[in-house]
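*Asks:* Starting from these lines, generate the structure:
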Amino acid sequence: FQTANSTREGTRTKKEIQNVVARVNKHVRGYQRARQAILRLDPNVDMAEKYQETLPKDLAVSKEVTEENIFGQRTSKLAWFW
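*Replies:* Model (predicted):
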């Protein structure tokens, strides 16, 4: 992230970040509800492995992944759903 040139820009950026976080959380809740419904209908192990629970660590974005050509980037681990 770059530093904001003004208070207005900083506030707008924070608001945009909050909107993205809210959208991500909405989709995670929808996925978790669908996952629970699927597992209630078919509680076998294969389904539980295919549709894993989404954890907070799965939603974290590593700087190594977002920036190009960082040394050691090949060893970065992405969340299971990527």
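*Asks:* Where does pLDDT dip in this structure?
*Replies:* For the chain, the stretches flagged by pLDDT under 70 are 1-9, 62-78, 80-82.
*Asks:* All the helices of it, in order from the start?
*Replies:* Applying DSSP state H to the chain gives helices spanning 7-41, 45-50, 56-59, 63-66.
*Asks:* for the second one, packing partners?
*Replies:* Secondary-structure packing of helix 45-50 (3 or more CB pairs under 8 Å, 6 or more residues apart in numbering; DSSP states H and E): helix 7-41. C-beta here means a position set from N, CA and C on the backbone, and glycine is covered the same way.
*Asks:* Now the helix it packs on: buried residues?
*Replies:* By neighbour count with 16 or more other CB atoms under 10 Å, helix 7-41 contains the buried residues Arg35.
*Asks:* name the helices or strands packed onto it?
*Replies:* In this structure, helix 7-41 makes packing contacts with helix 45-50, judged by 3+ CB pairs under 8 Å, 6+ apart.
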